[in-house]
Structure formats: C-alpha cells, structure tokens
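A.B. asks: coords please:
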Amino acid sequence: MATLFDHLSTLALNSHFLADGKEVPTSVSIDLSMTYISGVKDGQRIRMETETLRVGRKMAFLTANIYNQDKNNELVATGKHTKYIL
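C.D. replies: Down below sits the predicted model:
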C-alpha cells in the first residue's frame, strides 16, 4: 500500500500544478508514513483518497485514507507524505 500511496499522492500533487496551468516540477519524497489499521485479503478491492494539504515553494504535504470496498468501505490505513519540490 505504501508504494501505491507514494505514486497516487504524487499524482495528486501534480494535478495541483496542472489545475493552475503550471508546469509540473520534479519532486522527491522526504517523508512517507503509513498507519495500518486493518488487513486486506488478496482479491479484495481498496479505494484510496488522497489530498494535497499544502503546497509551498519547496515543500508539499499530502495525506491519504485507504478503504476496503469489500467491507463497507472500512478504513484500513492512513498515510502522510512530505515532498520536496526541486
């Protein structure tokens, strides 16, 4: 899930720039943490919601909630991601 979160939160950050008509800068992860609340079995579907909390000149802060769609959208993990903008 952490790899998926890394990629999807980066896409959320990129969409922030695209929505403003700006060129998407290169960014690198400087901190990524996940809190796992419940397990997900093979074959179960998950849904991830990512949010860009703040984008500054050099730093961006993002979060995510991950839900198990096969268990009434039960929250199974949360994540925080900090990116350095080059």
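A.B. asks: Contacts only, for I46.
C.D. replies: The contact partners of I46, by Cβ atoms under 8 Å, 6 or more residues apart in numbering, come to M1, V40, I66, Y67, N68, Q69, V76. All C-beta spots, glycine's among them, are computed from the backbone N, C-alpha and C.
A.B. asks: Likewise for I66?
C.D. replies: Contacts for I66 (Cβ under 8 Å, 6+ apart) come out as M1, F5, I46, R47, M48, E49, L75, V76, A77, T78, G79.
A.B. asks: can you tell me which helix or strand the closest residue in space to the second one that isn't next to it in sequence belongs to?
C.D. replies: Distances taken as Cβ to Cβ, 6 or more residues apart in numbering put G79 closest to F5, at 4.6 Å, once the chain neighbours are dropped. For G79, the host element (DSSP states H and E) is strand 74-85.
A.B. asks: Could you pull up the mean pLDDT of that strand?
C.D. replies: Averaged over strand 74-85, pLDDT sits at 98.
A.B. asks: Thank you, goodbye.
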